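1. Quick one: sequence plus predicted model below, questions after.
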Amino acid sequence: MHGDRLITRQALCMLAGVSTSELSLWENERLLEPASMSEAGFGDEVLYDLAALRRARLIRVLSEDLGVNLPGIDVILNLLEEIAG
């Protein structure tokens, strides 16, 4: 992850076009996870790398545009990871 640019939770939601509740659901379902926790500012800030942003956008498309449910999204993401090697 060296050299990866990190973005805040709020920025990820804005750039991916999702709500914080959707993001929390995806994290609870282990479809998406933060890159790190920063101790900057007022307490711990959850940070995401650009790969997480791309993944969040893909999850949104699968869910909203294609109507895939969460278990289906999990299967698709796992298959894509296997293909990518």
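-> Right, received. Where do you want to start?
2. now could you export just the CA positions of stretch 49-60 as PDB?
-> The C-alpha atoms that make up stretch 49-60 are tabulated as PDB, following Å, rounded to 0.1, in the frame of the first residue of the first chain:
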ATOM      1  CA  ASP A  49      -7.300   3.600  -0.300                       C
ATOM      2  CA  LEU A  50      -8.200   4.100  -3.900                       C
ATOM      3  CA  ALA A  51      -8.800   0.300  -4.400                       C
ATOM      4  CA  ALA A  52     -11.500   0.500  -1.800                       C
ATOM      5  CA  LEU A  53     -13.100   3.400  -3.700                       C
ATOM      6  CA  ARG A  54     -13.100   1.400  -6.900                       C
ATOM      7  CA  ARG A  55     -14.600  -1.600  -5.000                       C
ATOM      8  CA  ALA A  56     -17.300   0.600  -3.400                       C
ATOM      9  CA  ARG A  57     -18.200   1.900  -6.900                       C
ATOM     10  CA  LEU A  58     -18.400  -1.700  -8.200                       C
ATOM     11  CA  ILE A  59     -20.600  -2.700  -5.200                       C
ATOM     12  CA  ARG A  60     -22.900   0.200  -5.800                       C
END
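3. Looking at it now, give me its mean pLDDT.
-> Confidence for stretch 49-60, expressed as mean pLDDT, is 96.
4. Please apply the same query to stretch 32-42.
-> Per-residue scores along stretch 32-42 average to 70.
5. How about stretch 72-81?
-> Mean pLDDT, taken over the full extent of stretch 72-81, equals 96.
6. Quick check: buried residues in that stretch?
-> 73, 77 (16 or more other C-beta atoms under 10 Å). Where you see a C-beta, it was placed from the backbone N, CA and C, and this is true even at glycine.
7. mind listing what's buried in stretch 27-38?
-> 31-32, 34-35.
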